[in-house]
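In: Model the following, please.
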Amino acid sequence: MSAVIEIEGLRKTFHSLRNGRRVAVDGFDLLVEAGQIHGFLGPNGSGKTTTLRALLGLVRADSGRMSVLGEPSPQLLPRVAGRIGAIVESPQFFGNFTGYRTLRLLARAGGVPIARVDEVLDTVGLRDRGDERVKGYSLGMKQRLAVASALLKDPQLLILDEPANGLDPAGIREMRDLMRSLAAAGVTVLVSSHILGEIQLICDHVTIISRGRRVATGRVDEVLAGYDRHEFLVRVAEPERAVELLHEAELTASVDGEALVVGGVTDPTVISRVLGEQGLWVGELTPLRPDLESVFLELTGAGGHPSVPRQVDDSGPLPGAGDAEIDLDVRGVDA
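Out: Coordinates of the predicted model:
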């Protein structure tokens, strides 16, 4: 598979009179290959949005190498800008404009056929609300409008920053189906979201960033497998006695409420055999698999993961960064 996004050693430092120098991104690497729905995860302040803005030429990187659709970014990003749809940060629109007028203006500015407006409104479920003013839209509807603006160009690469923000459960499911249909049509999707359950459902690959550094990347199932402790939830009539028997068999076990947790077991039939031989019959034997939320919390600090040392990089700016004017629908229409 060919690389659609490549980032190597990205560094970005911000300066302020109050806080001095702050490292937002510290030697970050990212690889997104064609056809993937790639989850980009990190807690607030981890460097996700800064990375996306640097990739799209919206902020000047200090150092590193980036490319999008095979072109160096931001130096030659205008060559492929027409094949990229992006939403970065909260979308902003003219409140007195209708959804249809907003998209029509963007279509004209980008040289997109006006007929495309109706198509994208239908795609995001706003066809019947396109003639209403944006100021009357809910947060979820504004988010749909932003996605519609990113789809106007019929992009080859779609970058979505929190696309499910403000959506109800039905809207979240529709957004999930939309991303799947786009991927099936050959569109590569890079999606950032705090709804980790959705990322686990929709994404085939994931990259996790913490304190400006990459802490995990790979297929979702492979990342989760790396944190599988081979634990099982076991329910028996006498949990305390069951723990003693399992300890005698040199198995790790502890009581958890009315059940017990047995760890380090690759073959669960061992548990049934040890207990059954002593007349304790297993009523439930359920594998406890790690989910993306638990792995995310462990990797980003909430699970006791040690802090990553912060270092300020004083190297020069990336040549050409921020010099090109790029026509990307990143925030919709400026208010």
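In: ok, and what's touching the longest helix seen in the chain?
Out: In the chain, with assignment by DSSP state H, the single longest helix is helix 169-184. With contact meaning C-beta atoms under 8 Å, 6 or more residues apart in numbering, helix 169-184 is reached by 35-37, 123-125, 140, 144, 147, 158, 160, 163-164, 167, 189, 191, 195, 198, 201-202. Quick note: C-beta positions are derived from backbone N, CA and C, even for glycine.
In: The residues you listed in strands, which ones?
Out: Among those, the members falling in strands (DSSP state E) are I37, L158, L160, V189, V191.
In: of all those, which comes closest to Q75?
Out: Ranked by distance to Q75 (C-beta to C-beta), those are led by L158 at 22.3 Å.
In: Could you verify my assumption that the closest one touches L69?
Out: No - using C-beta atoms under 8 Å, L158 makes no contact with L69, being 12.0 Å away.
In: just to revisit the earlier point, just the buried residues of the contacts of helix 169-184.
Out: 35-37, 123-125, 140, 144, 147, 158, 160, 163-164, 167, 189, 191, 195, 198, 202 (16 or more other C-beta atoms under 10 Å).
In: Please flag which of the contacts of helix 169-184 sit within helices.
Out: T123, G140, R144, V147, E198, L201, I202.
In: what's the closest of these to P239?
Out: L201 (33.4 Å).
In: Could you measure from the closest one over to H38?
Out: 14 Å (C-beta to C-beta, to the nearest Å).
In: Same check on T252?
Out: 36 Å.
In: Same drill for these two, tell me which one is more crowded.
Out: Taking neighbours as other C-beta atoms under 10 Å, T252 and H38 compare with H38 leading, 26 against 15.
In: For the more buried one, name its beta-bridge partners.
Out: Beta bridges link H38 to L190, H205 when assigned by DSSP bridges.
In: check contacts around the nearest residue to P72 once chain neighbours are set aside.
Out: Once flanking residues are discounted, P72 sits nearest to M66: 7.1 Å by C-beta to C-beta, 6 or more residues apart in numbering. Neighbouring residues of M66 by C-beta under 8 Å, 6+ apart: I5, E6, I7, E8, L10, A54, L55, P72, S73, P74, L318.
In: helix or strand for M66, which one?
Out: Using DSSP states H and E, the element containing M66 is strand 63-68.
In: Could you pull out the buried residues of that strand?
Out: S63, G64, M66, S67, V68.
In: Same check on stretch 119-133?
Out: Buried, per 16+ other C-beta under 10 Å, within stretch 119-133: V120, L121, T123, V124, G125, L126, R129, G130.
In: Just send those residues back as JSON lines, with distance to A86 and pLDDT too.
Out: Listed next are those as JSON lines, based on distance: C-beta to C-beta, whole Å; pLDDT from 0 to 100:
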{"residue": "V120", "distance to A86": "14", "pLDDT": "94"}
{"residue": "L121", "distance to A86": "19", "pLDDT": "95"}
{"residue": "T123", "distance to A86": "17", "pLDDT": "90"}
{"residue": "V124", "distance to A86": "15", "pLDDT": "90"}
{"residue": "G125", "distance to A86": "20", "pLDDT": "89"}
{"residue": "L126", "distance to A86": "19", "pLDDT": "93"}
{"residue": "R129", "distance to A86": "23", "pLDDT": "94"}
{"residue": "G130", "distance to A86": "22", "pLDDT": "94"}
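In: would you turn the residues you listed into CSV with distance to R211?
Out: Output for the buried residues of stretch 119-133, formatted as CSV (distance: C-beta to C-beta, whole Å):
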residue, distance to R211
V120, 37
L121, 40
T123, 37
V124, 34
G125, 37
L126, 38
R129, 41
G130, 42
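In: any idea which of those residues is the one closest to N19?
Out: Nearest member of the buried residues of stretch 119-133 to N19, counting by C-beta to C-beta, is V124, at 38.7 Å.
In: That closest one - nearest residue in space that isn't next to it in sequence?
Out: R144 (4.2 Å).
In: Thought R127 was touching the one you found, still the case?
Out: No - at 10.8 Å, R144 does not count as touching R127 under the criterion of C-beta under 8 Å.
In: Could you pull out the buried residues of stretch 262-272?
Out: V262, V265, P268, I271.
In: An error on my part: the question was meant for stretch 12-26.
Out: K12, T13, V23, A24, V25, D26.
In: next one: stretch 87-94
Out: So stretch 87-94, judged by 16+ other C-beta under 10 Å, has buried residues I87, V88, P91, F93, F94.
In: And for stretch 211-222?
Out: So, applying 16+ other C-beta under 10 Å, buried residues of stretch 211-222: R211, G212, R213, R214, V215, A216, T217, V220.
In: can you give me phi and psi for S149?
Out: phi -60, psi -40 (degrees, to the nearest 10).
In: start at 53 instead
Out: Okay, residue one is now 53; in that scheme the one you just asked about reads as S201.
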